[in-house]
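1. Here you go, sequence then predicted model.
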Amino acid sequence: MKNLFLYALATILILSLSFANGSYGPATMTVEKKWLLICPTNPTCTAEFEGILITNGSNQRVVSIETEPRMDIASDDNGEIHVTYKGRLRNGSILLSANATIVVDYRSNISEDPPLVHENITPTVLTEWNEEIARKAAELADERSTLGTIRNETVWVHKNIEYDISYFEREVDAKTVFVERRGVCTAYAHLLISMLNSLGIRTRYVNGYVMTKEWQPHAWVEGYIPGYGWLPIDPTFGEVGVLESSHIIVSYGSDQTSDYDRFVADDKSLNMNSISPRITVISTENDPKGLSINMSFENRTYTVITEIKNERPYYEYGRYQFITPDGYGEEISELVLIEPNGEVKLQHRLNSSMFSPGYIYTLPVEASINGAKDRKTFLVAEENDSSQNENCAPLFLLSAVFLVAIIRFAVE
């Protein structure tokens, strides 16, 4: 009798090369996965192995695949690529290896924003919603805009769930996440799926990898847009549509329990070890996907004005960030949705209490959205009280020349 074994995908990665932080253009990488089959009691036992390697799709193109020894390669309807091996082991073990070269480049070409379509969706145990989740989702929804609704739900999950590494490898359902308000990427994904499904928006759970300080397993979501297709959504990072290019898709499922390697053996002693995958970055490019950003400064009101333009005829999501030196202004990170060929203006009031009369300050500021950045240094002048004697004017000029406040500002 043959025995069926299921193994969850490896959860630890080997960092091979650093990834350019904040890259939103094409990234070429290789993903190498290995599986060791061992049969200690029968050196020549027969095994049938099926492993999940990578996914090929609109945001991630598979260029080539190499295997050792030779394995069959097949793709399913979702673009998931599986490798299979059938044969006898030699000397009680065999090492299987598969290496995929991929190009990752997230872009969305959405020309229409349809109203919500409430489909009937059957949840899993991990994504089931209750009255509280459904009420919160409905509160955030915009019946006229599927894109706006997805933005609102994603922002709420991103801002209200605290990342807690102690939840790593735990299976936490959406209802628990909603109450505890903490977890890792799988928890963020389960809750967002639950909220979107309660509104009738179809979703699928994404298993993959991402680069933070190092490569690590990651989970995010895709939501279905009528007339368009699947839209990437990462509630952990607060990104929609155009994700940072280190998001590598391995497979799809309904929730955290979906992703397994499989093998069948004619000997009960056969077991499998998944060796930590190795990811190598070959090249990265920057592509702001038609977005441009420009800052100006209004000295009278201490206000930085950011203008974002979308030069493409498509809806564009962007992860907007605004950074000033500590204490001089609020650091901003928010998800923006821009209409086709549209523009958005954002205003940021600086902390006027940091500026003393009679001085001129040089203040470095940075604003970015996806791959577009603007870095400027503004001159901030705090005017003297108008009731002061005119004799103070020379002192002010002297201060402007010799007492310039230089703020050192490091931008990552």
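-> Received, thanks.
2. Enumerate every residue touching residue 254.
-> 124, 127, 204-205 (C-beta atoms under 8 Å, 6 or more residues apart in numbering). Bear in mind the C-beta positions are built from the backbone N, C-alpha and C, glycine included.
3. how about CSV for these, with secondary structure, neighbour count and pLDDT added?
-> Listed next are these as CSV, based on DSSP: H, G, I helix; E, B strand; the rest coil; neighbours: other C-beta atoms under 10 Å; pLDDT from 0 to 100:
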residue, secondary structure, neighbour count, pLDDT
124, coil, 19, 97
127, coil, 27, 98
204, strand, 17, 97
205, strand, 25, 97
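4. Next, format those residues as JSON lines and append distance to residue 337.
-> Shown next, in JSON lines, are those (distance: C-beta to C-beta, whole Å):
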{"residue": "124", "distance to residue 337": "29"}
{"residue": "127", "distance to residue 337": "24"}
{"residue": "204", "distance to residue 337": "21"}
{"residue": "205", "distance to residue 337": "23"}
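5. what's the closest of those residues to residue 115?
-> residue 204 (21.7 Å; C-beta to C-beta).
6. Verify the contact between that closest one and residue 251 for me.
-> No - contact criterion C-beta atoms under 8 Å: residue 204 and residue 251 do not qualify, at 10.0 Å.
7. surely residue 86 meets residue 37?
-> No - taking C-beta under 8 Å as the definition, residue 86 is not a contact partner of residue 37, at 11.4 Å.
8. Spell out which residues are contacts of both of those two.
-> Common neighbours of residue 86 and residue 37 are listed as 47, 49 (criterion: C-beta under 8 Å, 6+ apart).
9. Look at the two and report which has more neighbours.
-> Per other C-beta atoms under 10 Å, whichever of residue 86 and residue 37 has more neighbours is residue 37, with 21 against 13.
10. So which elements touch the host helix or strand of that one?
-> Residue 37 belongs to strand 27-38 when assigned by DSSP states H and E. Judged by 3 or more C-beta pairs under 8 Å, 6 or more residues apart in numbering; DSSP states H and E, the packing partners of strand 27-38 are strand 46-55, strand 93-104, strand 271-284.
11. Out of those, which is closest to residue 223?
-> strand 46-55 (16.9 Å).
12. Tell me which strands the next helix or strand after that closest one pairs with, and in which orientation.
-> Proceeding N to C from strand 46-55, the next assigned helix or strand is strand 60-68, under DSSP H and E. As defined by DSSP bridges, the strand partners of strand 60-68 come to strand 93-104 (antiparallel).
13. Can you give the distance from the partner strand to the centre of its chain?
-> 24 Å (C-alpha atoms, centre = their mean, to the nearest Å).
14. I'd like to check the angle between that strand and strand 46-55, please.
-> 10 degrees (axes from the mean of the first three to the mean of the last three C-alpha atoms, to 10 degrees).
15. Name the residues of strand 93-104 that come out as buried.
-> 94, 96-104 (16 or more other C-beta atoms under 10 Å).
16. next one: stretch 317-333
-> In stretch 317-333, counting by 16+ other C-beta under 10 Å, buried: 317-324, 328-329.
17. quick one: average confidence on that stretch?
-> Stretch 317-333 shows a mean pLDDT of 94 in the predicted model.
18. Can you name the residues bridging to residue 248?
-> residue 209.
19. Restricting to C-alpha, output the host helix or strand of residue 81 in CSV.
-> Assigned by DSSP H and E, residue 81 belongs to strand 80-88. Only the C-alpha atoms of strand 80-88 are listed here, as CSV (Å, rounded to 0.1, in the frame of the first residue of the first chain):
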residue,chain,number,x,y,z
GLU,A,80,1.2,27.5,-10.5
ILE,A,81,4.2,25.4,-11.7
HIS,A,82,4.7,22.0,-10.1
VAL,A,83,7.7,19.7,-10.6
THR,A,84,7.1,15.9,-10.3
TYR,A,85,9.5,12.9,-9.9
LYS,A,86,8.8,9.2,-10.0
GLY,A,87,11.5,6.6,-9.5
ARG,A,88,13.6,4.4,-7.2
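20. Check which helices and strands that strand is in contact with.
-> strand 46-55, strand 60-68, strand 72-75, strand 93-104.
21. Now with 10 Å, please.
-> The contact analysis (3 or more C-beta pairs under 10 Å, 6 or more residues apart in numbering; DSSP states H and E) places strand 80-88 against strand 27-38, strand 46-55, strand 60-68, strand 72-75, strand 93-104, strand 248-253, strand 260-265.
22. Now residue 172: phi and psi?
-> phi -120, psi 120 (degrees, to the nearest 10).
23. How far off centre is the helix or strand where residue 216 lies?
-> Following DSSP H and E, one finds residue 216 within strand 215-225. Relative to its chain's centre, strand 215-225 lies at 7 Å (C-alpha atoms, centre = their mean).
24. Sheet-wise, list the partners of it with their directions.
-> Assessed with DSSP bridges, strand 215-225 is paired to strand 203-211 (antiparallel), strand 229-234 (antiparallel).
25. CA atoms of it as CSV?
-> Only the C-alpha atoms of strand 215-225 are listed here, as CSV (Å, rounded to 0.1, in the frame of the first residue of the first chain):
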residue,chain,number,x,y,z
TRP,A,215,14.3,37.1,2.5
GLN,A,216,11.4,35.5,4.4
PRO,A,217,8.1,33.7,3.7
HIS,A,218,5.2,36.1,3.2
ALA,A,219,1.5,36.0,2.6
TRP,A,220,-0.8,38.5,0.9
VAL,A,221,-4.1,38.7,-1.0
GLU,A,222,-5.5,39.1,-4.4
GLY,A,223,-9.0,40.6,-4.9
TYR,A,224,-11.1,40.1,-8.0
ILE,A,225,-12.2,43.2,-10.0
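26. The closest residue in space to residue 352 that isn't next to it in sequence - how many residues pack around it?
-> Once flanking residues are discounted, residue 352 sits nearest to residue 302: 4.9 Å by C-beta to C-beta, 6 or more residues apart in numbering. When neighbours are counted by other C-beta under 10 Å, residue 302 registers 21.
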